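*Asks:* sequence plus predicted model, see below.
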Amino acid sequence: MTAESKLLTLRDAISRHVPSGSMVLLGAQLEQMIPFAAGHEMIRQSRRDLTLVGPISDILFDQMIGAGCVSRVMAAWVGNVSAGVGYCFRRAVERSIPRRLEVVDYSNFTMALALHAGALGVPFLPTYATLGSDLLKKNGNLREFSSPVSEEKMVAVRALRPDVAILHVQRSDAQGNAHIWGSLGVAADGARAARKIIVVAEEIVEPSVIASDPNRTLVPGFLVAAVVHEPGGAHPSPVQGYYGRDHAFFAEYHEQTRRLEDFEDWLARWVVQATDRGDYWKQLGPGRVENLAVKEHALSAPADFGY
Amino acid sequence: MARSETDLATQGYTFSELMVAAAAREIADGELVFVGMRLPMLAFLVARRTHAPGAVGLFENGVLRENPATELLYTMGDPPNLRGATQCGSMLDVMGLLQQGRVDVGFLGAAEVDRFGNLNTTWGHRNKEMQRLPGSGGAGDIACLARRTVVLLAHDRARLCDRVGHITSPGFGTGEGWRRAQGLPAASGPSAIITTLCVLRFGHDGEAHVASVHPGVSVEEVLANTGWTLRVADELIETSPPSHEELRVMRELDPNHFWTR
């Protein structure tokens, strides 16, 4: 029996698998491999009332909030990692522009535990993190309890099961068996916690390539609903071994989104009018793309799986 | 800060460089360090190359490094921080070490810190208007679970306040015994606050005091720029300036003073 290919265009993958109202996990690998192209497609398809879940997601959360796609964000940190605050996030929280936003504040560890609990199929996991903090007081998914085995105060972190996790990966086969290396963050926990997965890959490879190095398979294909081939789809975030971080893009975003009308111009230029990733790359310009390319490859030593 | 340029000319180093050197000295050889970015990143590098060659660095994305990256990093996920790492694990791998009590020291920044070392990175205010800040990230976890935490921030009366409006990352709460009462680990809590003017440390009652003032800074200047009546150590000393070797290592990584203006 040959497994059916799950390859879809990004447009079809979002259209079929991410309806309005979904809880969506993005940015599982922290500052690396953030699925910007998928987020932009959700904006173009006018998704509404999304709950965004993730530890940080850099400026992608800010963009989707500014575009009006989001009613709730469950995260440890929302902003612009190298430049500071996210202005769309601030406008939404402080002034309900473009709409009211509910924020459920986590720490990185409690977010990772929430996803790990989801991945393990248990209702919560215990931790000492957030004891004494105002996060514990305000986030209803963090509950203090007395440990039944050690009689001490602990925090129960309620499991999260996102409707869909969107994971940007280095390489995947057509069934969604995917290799990720470098910055792993909460990718493996997020993949198993989610009810379905969309894999966005720099490269589509034969299943034999994946099976040659199974320790690197963070996403098993049977959990995957769709596989999208979208090289460069994580820009401006980096993909180890494929391209670097476009620091200037983050700084420019910071300057160009301070005022609401400037953000609207930014969104029109980089998302709404750039109807596919080709337009986006054209705007970026060839010099900039070349500059982000890998200058010096650093291949790992092969691991011998022979016997 | 405008004064930094004059400092560089007259003293041979900037206040940021002094802060990095002071932060580096908070790391002992062989310690496991939750590094963070910007100035603490430089401090880790300086410590490794000078007095603490056996220190190991941890990052929230799962990265463990014995040899610090030698390129300027904007985020812990920049490709140079992954290449040559000792291990690229998961977030839970490093957070597990933290919760076990194995992480000796963690570095934190903050919008606001108060007299008991509590940090706020969730809500700021300007002219009585609340401003939403990015949030905890991993800072709240480190503040709860690292054996010691060291805070770096610019010394400003509005940022060193009597009580923070929101406890994102707990320090000593309201004072002695508070952390244990919350259920936090016995061996944990703030160790130092390194500012642009001085170094603060904590007494047994959990309240901060000035332990050393930076060269050229008066105690009066420190007190006038602090939002509560700050205690002063009985034996107040001057913060040691950065050594030639510490400056050499810092400038090798940050030759244009991008982080250490």
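*Replies:* Ah, there it is.

*Asks:* drop to CA atoms for contacts and neighbour counts, all remaining ones
*Replies:* Noted.

*Asks:* poorly predicted segments of the stretch 1-150 of chain A, please.
*Replies:* Counting by pLDDT under 70, the low-confidence segments of the stretch 1-150 of chain A come to A:1-2.

*Asks:* what residues does it have near chain B?
*Replies:* By Cα under 8 Å from any Cα of the partner chain, the residues of the stretch 1-150 of chain A that approach chain B are A:29-32, A:55-56, A:76-79, A:81-82, A:84-86, A:90, A:93-94, A:105-109, A:112-113, A:127-135.

*Asks:* which of the residues you listed fall in strands?
*Replies:* Among the residues of the stretch 1-150 of chain A next to chain B, the members falling in strands (DSSP state E) are A:Asp105, A:Thr127.

*Asks:* just the buried subset of the residues of the stretch 1-150 of chain A next to chain B, please.
*Replies:* Neighbour-count burial (16 or more other Cα atoms under 10 Å in any protein chain shown) is assigned, among the residues of the stretch 1-150 of chain A next to chain B, to A:29-32, A:55-56, A:76-79, A:81-82, A:85-86, A:90, A:93, A:105-109, A:112-113, A:127-135.

*Asks:* could you pull out the helices in the stretch 51-200 of chain A for me?
*Replies:* Applying DSSP state H, counting those that start in this stretch to the stretch 51-200 of chain A gives helices spanning A:58-66, A:87-95, A:108-120, A:134-138, A:187-193.

*Asks:* over to the stretch 101-250 of chain B?
*Replies:* All helices of the stretch 101-250 of chain B, identified by DSSP H, counting those that start in this stretch, fall at B:139-145, B:178-182, B:219-224, B:244-253.

*Asks:* which of those helices has the highest mean neighbour count?
*Replies:* Of all the helices of the stretch 101-250 of chain B, helix B:139-145 has the most neighbours on average by mean count of other Cα atoms under 10 Å in any protein chain shown, namely a mean of 30.

*Asks:* now what about that one, what contacts it?
*Replies:* By Cα atoms under 8 Å, 6 or more residues apart in numbering or on different chains, the surrounding residues in contact with helix B:139-145 are A:107-109, A:128-131, A:133, B:34, B:98-99, B:101, B:106, B:108, B:149, B:168-171, B:184-185, B:188-190.

*Asks:* buried set for stretch B:95-110?
*Replies:* Using 16+ other Cα under 10 Å as the test for burial, stretch B:95-110 gives B:Met95, B:Leu98, B:Gln99, B:Arg102, B:Val103, B:Asp104, B:Val105, B:Gly106, B:Phe107, B:Leu108, B:Gly109, B:Ala110.

*Asks:* chain B contacts on the stretch 201-307 of chain A?
*Replies:* For the stretch 201-307 of chain A, the residues in contact with chain B (Cα under 8 Å from any Cα) are A:Pro238, A:Val239, A:Gln240, A:Gly244, A:Arg245, A:His247, A:Ala298.

*Asks:* just among the residues you listed, which is most surrounded?
*Replies:* Using other Cα atoms under 10 Å in any protein chain shown as the neighbour criterion, A:Val239 leads these with 29 neighbours.

*Asks:* do you know how far that residue is from B:Asp254?
*Replies:* Distance, A:Val239 to B:Asp254, by Cα to Cα, to the nearest Å: 24 Å.

*Asks:* over to A:Ala159?
*Replies:* Distance from A:Ala159 to B:Asp254, by Cα to Cα: 42 Å.

*Asks:* beta-bridge partners for the residue nearest to B:Pro40 when sequence neighbours are not counted, please?
*Replies:* Leaving aside its chain neighbours, B:Pro40 sits nearest to B:Phe107 (6.3 Å; criterion: Cα to Cα, 6 or more residues apart in numbering or on different chains). Following DSSP bridges, B:Phe107 is listed with bridge partners B:Val150.

*Asks:* which residues of the stretch 151-261 of chain B lie near chain A?
*Replies:* Applying Cα under 8 Å from any Cα, we find that the stretch 151-261 of chain B lies next to chain A at B:His166, B:Ile167, B:Thr168, B:Ser169, B:Pro170, B:Gly173, B:Arg179, B:Gln182, B:Gly183, B:Leu184, B:Pro185.

*Asks:* how about residue 61: what's its closest non-neighbour residue?
*Replies:* All of this refers to chain A. A:Val78 (6.8 Å).

*Asks:* should've been chain B
*Replies:* Take B:Asn61 and drop its neighbours on the chain: the residue closest to it by Cα to Cα, 6+ apart is A:Gly185, 4.4 Å away.

*Asks:* go on, A:Ser15?
*Replies:* Nearest non-adjacent residue to A:Ser15, counting by Cα to Cα, 6+ apart: A:Gln45, 7.5 Å away.

*Asks:* all set, thanks.
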